[in-house]
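Q: Test case, fold it:
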Amino acid sequence: MTDAAPGTSRTPTGTARTADGSAVPGRAVGTTRTTSGTRRTTAATTQFDLLVIGDANPDVLVSGAPETPPAGQVETLVDGGTLALGGSAAIVAHGAARLGLSTALVAMVGRDAAGDFVLDTLSAAGVDISGCVRHESLPTALTVCLNRPEGDRAILTAPGCLPAFGPEHVPAVAVRHLHAASYFLQPRLAAGLAGLFARFRQAGASTSLDTNDDPAGGWRLAPGLLAACDLLLPNEAEAVALATALPGDPAETAALSARSEAFTAGLSRRAETVSPLPIEAEAFAAARPRPEESAAALAAALATLAANGPIPVVKRGGRGALARSGDVLLNARGPAVTPIDTVGAGDGFDAGFLAGWLASGDLSQSLAWGCACGALSTRATGGTAGQPTAAEATALAAQVQITDVASA
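A: Numbers count the residues shown, from 1 in each chain. You can find the predicted model right below:
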């Protein structure tokens, strides 16, 4: 690994180990000396299957919270509270390691107890954290999720050191695939992500991006980013928003914007029953658009995103997932499950999809694994407690139905 940037330090290096103390293959790191004699940590020659870059933080999950907690120092009792690993990138890395991929995470945390919790949890799961950096003055990010009884949730995030994380913190390591998460929470990383993707692709890696939500509502991606991205992994609302924000023909942009408004209006209406699989859209998690309003907007969004380079893979909650590659439009629908908690289910989908992609390069198999892992992750509270093993994912993936709706 390269030296840390000013104001940060690398995590201690060594062979990563699982919870029982056994060594994790393919994750050894060593120390070499530069021509000036200074120490530099370097990755072993063994290639990682997956390098994930992005956010890592604790999640404080509160269930049964009222719509608006009363002020005035009134103490309100809730149904439950859980401390869990959070951050889209961290949850994806944790899930991929659980599925058996040799996985490394590069992220920034503070030099505080929250950062200790994040790194300890990841290391115990077999994720290589030797590339993670610790900011010497800024705190670790923190997210509080107020889960509503009907399945919706409010998300409060203190970004901490996330805005300080950039491409200069990402070491040049040998990987098969590079995945980036939470694009809009990390402006320094976002500004240089297209170049970072291009460099890793030149070295033979494939690339993917899950932007997650944009708190500012702009949804604009850096020029050239989609062209350097092989796979784009948004949910429905994110896909429409990203496509609408892309520059293009004024008439086409206006038409897509109109469809986007109809789509958002549909999302604002609550479904009578909670979707058995999570939509994983923070602002719209329990909402379901009317089919006649959403189909045109989503189809247009997929076409727009695909025309800019990547294969768009859209997470659709209880309706599974949709992916477009060329003239092929695949719809994946899994068996219904009864969720305990949907936090991180979209990240679980990402981990499963990428595991399937790296195993086969087959879009259908990848969708089946994504749907299976997303569904199984809802078995427990938090984004990682219910993540499946490869055997569990294989069993449920066999029940996912894949159809080519373009030729249907």
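Q: what about the residue lying closest to residue 197 once chain neighbours are set aside, neighbour count?
A: Spatial nearest neighbour of residue 197, excluding adjacent residues (CB to CB, 6 or more residues apart in numbering): residue 228 at 3.8 Å. In short, each C-beta sits where N, CA and C put it, glycine included. By the measure other CB atoms under 10 Å, the count of residues near residue 228 is 21.
Q: mind listing what residue 228 touches?
A: 194, 197-198, 201, 207, 309 (CB atoms under 8 Å, 6 or more residues apart in numbering).
Q: Among those residues, which ones are in helices?
A: Counting by DSSP state H, those place 194, 197-198, 201 in helices.
Q: out of those, which are buried?
A: Neighbour counting with 16 or more other CB atoms under 10 Å marks 194, 197-198 as buried within the ones in helices among the contacts of residue 228.
Q: Is it possible to get JSON lines of these that adds distance to residue 116 and pLDDT?
A: Output for these, formatted as JSON lines (distance: CB to CB, whole Å; pLDDT from 0 to 100):
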{"residue": "194", "distance to residue 116": "33", "pLDDT": "98"}
{"residue": "197", "distance to residue 116": "31", "pLDDT": "98"}
{"residue": "198", "distance to residue 116": "35", "pLDDT": "97"}
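Q: Between those, which sits nearest residue 375?
A: The nearest member of those to residue 375, counting by CB to CB, is residue 197 at 29.3 Å.
Q: So the closest one versus residue 209, what's the distance?
A: Using CB to CB, to the nearest Å, we find residue 197 at a distance of 8 Å from residue 209.
Q: now swap in residue 239 and tell me
A: With CB to CB as the criterion, residue 239 and residue 209 are 12 Å apart.
Q: Give me the common contacts of those two.
A: Common neighbours of residue 239 and residue 209 (CB under 8 Å, 6+ apart) are residue 232.
Q: Quick one: mean pLDDT for whichever strand or helix holds residue 92?
A: Using DSSP states H and E, residue 92 sits in helix 88-98. Throughout helix 88-98, pLDDT has a mean value of 98.
Q: List the buried residues of it.
A: 88-98.
Q: any chance of the residues you listed in TSV, plus distance to residue 179?
A: Compiled in TSV, the buried residues of helix 88-98 are given as follows (distance: CB to CB, whole Å):
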residue	distance to residue 179
88	10
89	8
90	12
91	12
92	6
93	8
94	13
95	11
96	8
97	13
98	15
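Q: Which of the residues you listed sits closest to residue 390?
A: Looking across these and measuring by CB to CB, the closest to residue 390 is residue 98, at 8.2 Å.
Q: which residues touch the closest one?
A: Counting by CB under 8 Å, 6+ apart, residue 98 touches 125, 351, 384, 387-389.
Q: likewise residue 156?
A: Neighbours of residue 156 in contact, by CB under 8 Å, 6+ apart: 143-146.
Q: okay if I get the residues you listed as JSON lines plus secondary structure and pLDDT?
A: Listed next are those as JSON lines, based on DSSP: H, G, I helix; E, B strand; the rest coil; pLDDT from 0 to 100:
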{"residue": "143", "secondary structure": "strand", "pLDDT": "96"}
{"residue": "144", "secondary structure": "strand", "pLDDT": "95"}
{"residue": "145", "secondary structure": "strand", "pLDDT": "92"}
{"residue": "146", "secondary structure": "strand", "pLDDT": "91"}
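Q: which one of the residues you listed is nearest residue 60?
A: residue 144 (4.7 Å).
Q: so where's the stretch 151-300 of the chain shaky on pLDDT?
A: 151, 248-293 (pLDDT under 70).
Q: Would you map the helices across it?
A: 187-202, 236-245, 250-267, 291-307 (DSSP state H, counting those that start in this stretch).
Q: What are the neighbouring residues in contact with residue 381?
A: Applying CB under 8 Å, 6+ apart, the residues near residue 381 are 61, 63, 80, 82, 84, 340-341, 343.
Q: if we go to 7 Å?
A: 61, 82, 340-341 (CB atoms under 7 Å, 6 or more residues apart in numbering).
Q: now residue 94
A: Per CB under 7 Å, 6+ apart, neighbours of residue 94: 85, 122, 125, 127, 384, 387.
Q: Compute the number of surrounding residues for the second one.
A: Using other CB under 10 Å as the criterion, residue 122 is surrounded by 28 other residues.
Q: what touches both of residue 197 and residue 209?
A: Common neighbours of residue 197 and residue 209 are listed as residue 229 (criterion: CB under 7 Å, 6+ apart).
Q: Residue 160 against residue 137, yeah?
A: No. In this structure, residue 160 is not within contact of residue 137 by CB atoms under 7 Å, at 10.6 Å.
Q: higher neighbour count, these two?
A: Using other CB under 10 Å, the more surrounded residue of residue 160 and residue 137 is residue 160, with 21 against 10.
Q: From residue 195, how far off is the more buried one?
A: Distance of residue 160 to residue 195, computed by CB to CB: 25 Å.
Q: Look up phi and psi at residue 147.
A: phi -80, psi 130 (degrees, to the nearest 10).
Q: Can you name the residues that contact it?
A: By CB under 7 Å, 6+ apart, the neighbours of residue 147 are 61-63, 65, 153.
Q: Many thanks, have a good one.
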